[in-house]
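*Asks:* A predicted structure for the sequence below; I have some questions about it.
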Amino acid sequence: MDATNVYVHSTAEVSKDAVVGKGTSIWKQVQIREDAKVGDNCIIGKGVYIDFGVVIGSNVKIQNDVNLYHGTVVEDGVFIGPTVCFTNDKIPRAISPSGRLKTEADWSVGRILVKCGASIGGCSVILPDVTIGRFAMIGAGSVVTHDIPDYGLAYGNPASLRGFVCECGNRLRHVAGAESTGLFECTVCGKRITIQSSI
(Lines give C-alpha, C1' and ligand atoms only; values in the text may rest on other atoms or scores of the structure.)
Protein backbone atom coordinates (compact mmCIF):
# COMPACT_ATOMS: atom_id res chain seq x y z
CA MET A 1 0.00 0.00 0.00
CA ASP A 2 1.28 3.47 -0.91
CA ALA A 3 0.76 5.48 2.28
CA THR A 4 1.14 8.92 0.66
CA ASN A 5 -1.34 11.18 2.47
CA VAL A 6 -3.53 8.16 3.27
CA TYR A 7 -5.41 8.08 6.57
CA VAL A 8 -6.01 4.60 7.97
CA HIS A 9 -7.83 4.28 11.29
CA SER A 10 -6.08 2.07 13.83
CA THR A 11 -8.94 -0.47 13.75
CA ALA A 12 -8.93 -0.85 9.95
CA GLU A 13 -7.32 -3.87 8.24
CA VAL A 14 -5.68 -3.06 4.91
CA SER A 15 -3.82 -5.86 3.15
CA LYS A 16 -0.20 -5.14 2.31
CA ASP A 17 -1.12 -6.37 -1.20
CA ALA A 18 -3.88 -3.80 -1.66
CA VAL A 19 -3.34 -0.53 -3.53
CA VAL A 20 -4.72 2.64 -1.95
CA GLY A 21 -4.37 5.99 -3.70
CA LYS A 22 -3.14 9.25 -2.22
CA GLY A 23 -5.49 11.36 -0.12
CA THR A 24 -7.84 8.47 0.67
CA SER A 25 -9.37 8.14 4.16
CA ILE A 26 -10.13 4.70 5.60
CA TRP A 27 -12.23 4.80 8.74
CA LYS A 28 -13.04 2.48 11.66
CA GLN A 29 -13.26 -1.30 11.19
CA VAL A 30 -12.79 -1.22 7.41
CA GLN A 31 -11.34 -4.34 5.79
CA ILE A 32 -9.59 -4.06 2.42
CA ARG A 33 -8.35 -7.39 1.11
CA GLU A 34 -5.46 -8.43 -1.12
CA ASP A 35 -5.27 -7.19 -4.69
CA ALA A 36 -8.06 -4.65 -4.11
CA LYS A 37 -7.43 -1.26 -5.70
CA VAL A 38 -8.77 2.01 -4.28
CA GLY A 39 -8.11 5.27 -6.13
CA ASP A 40 -7.16 8.75 -4.97
CA ASN A 41 -9.20 10.97 -2.62
CA CYS A 42 -11.76 8.36 -1.62
CA ILE A 43 -13.69 8.20 1.64
CA ILE A 44 -14.22 4.67 2.94
CA GLY A 45 -16.72 4.76 5.83
CA LYS A 46 -16.90 2.72 9.01
CA GLY A 47 -17.33 -1.05 8.66
CA VAL A 48 -16.87 -1.21 4.86
CA TYR A 49 -15.71 -4.56 3.44
CA ILE A 50 -13.77 -4.51 0.15
CA ASP A 51 -13.16 -8.04 -1.12
CA PHE A 52 -10.08 -9.27 -2.97
CA GLY A 53 -9.67 -7.95 -6.50
CA VAL A 54 -12.35 -5.24 -6.17
CA VAL A 55 -11.50 -2.07 -8.11
CA ILE A 56 -12.60 1.38 -6.92
CA GLY A 57 -11.82 4.58 -8.83
CA SER A 58 -10.90 8.01 -7.50
CA ASN A 59 -13.13 10.51 -5.67
CA VAL A 60 -15.51 7.76 -4.55
CA LYS A 61 -17.53 8.09 -1.35
CA ILE A 62 -18.52 4.82 0.33
CA GLN A 63 -20.64 5.23 3.44
CA ASN A 64 -20.81 2.94 6.48
CA ASP A 65 -21.29 -0.86 6.36
CA VAL A 66 -21.11 -1.31 2.58
CA ASN A 67 -20.05 -4.75 1.24
CA LEU A 68 -18.26 -4.88 -2.11
CA TYR A 69 -17.61 -8.49 -3.09
CA HIS A 70 -15.16 -9.93 -5.61
CA GLY A 71 -16.17 -9.05 -9.18
CA THR A 72 -17.20 -5.45 -8.44
CA VAL A 73 -15.72 -2.48 -10.32
CA VAL A 74 -16.61 1.07 -9.27
CA GLU A 75 -15.48 3.92 -11.52
CA ASP A 76 -14.56 7.49 -10.52
CA GLY A 77 -16.91 9.82 -8.67
CA VAL A 78 -19.43 7.23 -7.47
CA PHE A 79 -21.51 7.70 -4.30
CA ILE A 80 -22.51 4.56 -2.37
CA GLY A 81 -24.96 5.01 0.50
CA PRO A 82 -24.86 3.11 3.79
CA THR A 83 -25.40 -0.65 3.96
CA VAL A 84 -25.37 -1.21 0.19
CA CYS A 85 -24.43 -4.78 -0.80
CA PHE A 86 -22.79 -5.74 -4.12
CA THR A 87 -23.33 -9.49 -4.57
CA ASN A 88 -21.54 -11.91 -6.89
CA ASP A 89 -23.56 -15.13 -6.99
CA LYS A 90 -26.98 -15.47 -8.63
CA ILE A 91 -27.61 -19.00 -7.35
CA PRO A 92 -25.99 -19.10 -3.90
CA ARG A 93 -25.82 -22.39 -2.04
CA ALA A 94 -23.65 -23.38 0.93
CA ILE A 95 -23.58 -27.02 -0.16
CA SER A 96 -23.64 -29.11 -3.33
CA PRO A 97 -26.60 -31.41 -4.09
CA SER A 98 -24.61 -34.20 -2.41
CA GLY A 99 -24.28 -32.17 0.80
CA ARG A 100 -20.60 -31.27 0.37
CA LEU A 101 -19.59 -27.77 1.45
CA LYS A 102 -19.12 -25.75 -1.73
CA THR A 103 -15.81 -24.05 -2.51
CA GLU A 104 -14.76 -21.26 -4.83
CA ALA A 105 -14.23 -23.85 -7.55
CA ASP A 106 -17.97 -24.63 -7.56
CA TRP A 107 -19.15 -21.29 -8.92
CA SER A 108 -18.45 -18.55 -11.45
CA VAL A 109 -18.09 -15.03 -10.11
CA GLY A 110 -20.72 -12.53 -11.28
CA ARG A 111 -19.59 -9.07 -12.37
CA ILE A 112 -20.88 -5.64 -11.42
CA LEU A 113 -19.80 -2.38 -13.06
CA VAL A 114 -20.81 1.00 -11.61
CA LYS A 115 -19.90 3.75 -14.06
CA CYS A 116 -18.58 7.25 -13.41
CA GLY A 117 -20.70 9.60 -11.32
CA ALA A 118 -23.47 7.14 -10.42
CA SER A 119 -25.20 7.24 -7.01
CA ILE A 120 -26.61 4.26 -5.11
CA GLY A 121 -29.05 4.90 -2.28
CA GLY A 122 -28.67 3.33 1.14
CA CYS A 123 -29.67 -0.30 1.82
CA SER A 124 -29.77 -1.18 -1.88
CA VAL A 125 -28.72 -4.61 -3.15
CA ILE A 126 -26.97 -4.92 -6.51
CA LEU A 127 -27.17 -8.37 -8.09
CA PRO A 128 -24.34 -9.77 -10.24
CA ASP A 129 -24.00 -9.27 -13.99
CA VAL A 130 -25.35 -5.73 -13.81
CA THR A 131 -24.02 -2.42 -15.16
CA ILE A 132 -25.17 0.85 -13.61
CA GLY A 133 -24.66 3.66 -16.12
CA ARG A 134 -22.91 7.01 -15.90
CA PHE A 135 -24.61 9.44 -13.49
CA ALA A 136 -27.46 7.00 -12.91
CA MET A 137 -29.25 7.20 -9.56
CA ILE A 138 -30.57 4.21 -7.62
CA GLY A 139 -33.21 4.98 -4.97
CA ALA A 140 -32.74 3.84 -1.39
CA GLY A 141 -33.73 0.26 -0.61
CA SER A 142 -33.73 -0.89 -4.24
CA VAL A 143 -32.85 -4.34 -5.57
CA VAL A 144 -31.08 -3.90 -8.91
CA THR A 145 -31.48 -7.00 -11.07
CA HIS A 146 -30.68 -5.64 -14.55
CA ASP A 147 -28.68 -2.89 -16.29
CA ILE A 148 -29.56 0.74 -15.62
CA PRO A 149 -28.75 3.19 -18.46
CA ASP A 150 -26.69 6.36 -18.24
CA TYR A 151 -28.59 9.06 -16.30
CA GLY A 152 -31.29 6.54 -15.38
CA LEU A 153 -33.35 7.02 -12.23
CA ALA A 154 -34.33 3.59 -10.91
CA TYR A 155 -35.88 2.36 -7.70
CA GLY A 156 -38.04 -0.40 -6.26
CA ASN A 157 -37.82 -4.16 -5.80
CA PRO A 158 -36.96 -5.09 -8.44
CA ALA A 159 -35.68 -1.66 -9.45
CA SER A 160 -37.22 -0.27 -12.61
CA LEU A 161 -36.42 2.79 -14.69
CA ARG A 162 -38.62 5.70 -13.55
CA GLY A 163 -37.02 8.62 -15.37
CA PHE A 164 -33.69 10.33 -15.87
CA VAL A 165 -31.50 12.63 -13.80
CA CYS A 166 -28.91 15.27 -14.59
CA GLU A 167 -25.27 15.16 -13.56
CA CYS A 168 -26.27 17.58 -10.79
CA GLY A 169 -28.74 14.95 -9.49
CA ASN A 170 -32.01 16.68 -10.36
CA ARG A 171 -34.72 15.37 -12.69
CA LEU A 172 -34.49 15.65 -16.46
CA ARG A 173 -37.53 16.31 -18.64
CA HIS A 174 -38.01 16.13 -22.39
CA VAL A 175 -37.35 19.39 -24.19
CA ALA A 176 -40.72 20.53 -25.54
CA GLY A 177 -41.14 19.50 -29.15
CA ALA A 178 -38.00 17.33 -29.08
CA GLU A 179 -39.41 14.17 -27.51
CA SER A 180 -38.56 12.02 -30.53
CA THR A 181 -34.90 13.11 -30.49
CA GLY A 182 -34.19 12.06 -26.90
CA LEU A 183 -33.20 15.60 -25.90
CA PHE A 184 -33.70 16.25 -22.18
CA GLU A 185 -33.25 19.32 -20.03
CA CYS A 186 -32.48 19.59 -16.31
CA THR A 187 -35.33 21.09 -14.28
CA VAL A 188 -32.83 22.96 -12.08
CA CYS A 189 -29.53 23.76 -13.83
CA GLY A 190 -30.93 23.79 -17.38
CA LYS A 191 -28.26 21.50 -18.86
CA ARG A 192 -29.38 19.64 -21.98
CA ILE A 193 -28.49 15.97 -22.46
CA THR A 194 -29.34 13.58 -25.30
CA ILE A 195 -30.40 10.16 -24.00
CA GLN A 196 -30.96 7.16 -26.27
CA SER A 197 -32.81 5.00 -23.73
CA SER A 198 -36.55 5.12 -23.22
CA ILE A 199 -38.79 4.31 -20.25
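*Replies:* Everything's here; your move.

*Asks:* low-confidence ranges in this protein?
*Replies:* For the chain, residues meeting the criterion pLDDT under 70 lie at 1-3.

*Asks:* List the beta-bridge partners for the most centrally placed residue in it.
*Replies:* In the chain, the residue lying closest to the centroid (CA atoms, centre = their mean) is residue 114, at 4.8 Å. Residue 114 forms beta bridges with residue 74, residue 132, as assigned by DSSP bridges.

*Asks:* isn't it right up against residue 74?
*Replies:* Yes. Between residue 114 and residue 74 a contact is recorded at 4.7 Å, counting by CB atoms under 8 Å. For every residue, glycine as well, the C-beta is placed using N, CA and C.

*Asks:* Name the residues contacting each of the two.
*Replies:* Common neighbours of residue 114 and residue 74 (criterion: CB atoms under 8 Å, 6 or more residues apart in numbering): residue 80.

*Asks:* tally of neighbours for residue 180?
*Replies:* Burial of residue 180 is recorded as 7 neighbouring residues (other CB atoms under 10 Å).

*Asks:* Quickly note the distance from the closest residue to residue 146 other than its chain neighbours to residue 26.
*Replies:* Counting by CB to CB, 6 or more residues apart in numbering, residue 146 lies nearest to residue 130, which is 6.4 Å off, once chain neighbours are set aside. Separation of residue 130 from residue 26 (CB to CB, to the nearest Å): 26 Å.

*Asks:* before we move on, what about residue 7?
*Replies:* Distance from residue 7 to residue 26, by CB to CB: 7 Å.

*Asks:* on that earlier part again, and the residue nearest to the centre of the chain, how close does it get to residue 148?
*Replies:* Residue 114 is 10 Å from residue 148, by CB to CB.

*Asks:* Buried residues, the one helix or strand residue 173 maps to. List them.
*Replies:* Per DSSP states H and E: residue 173 is located in strand 172-174. Buried positions in strand 172-174, judged by neighbour count with 16 or more other CB atoms under 10 Å: residue 172.

*Asks:* Run through who's touching it.
*Replies:* Contacts of strand 172-174 (CB under 8 Å, 6+ apart): 151, 163-166, 183-187, 193, 195.

*Asks:* By neighbours, which of those wins?
*Replies:* residue 164 (25 neighbours).

*Asks:* Doesn't that residue belong to a strand?
*Replies:* Yes. The assignment for residue 164 (DSSP: H, G, I helix; E, B strand; the rest coil) places it in a strand.
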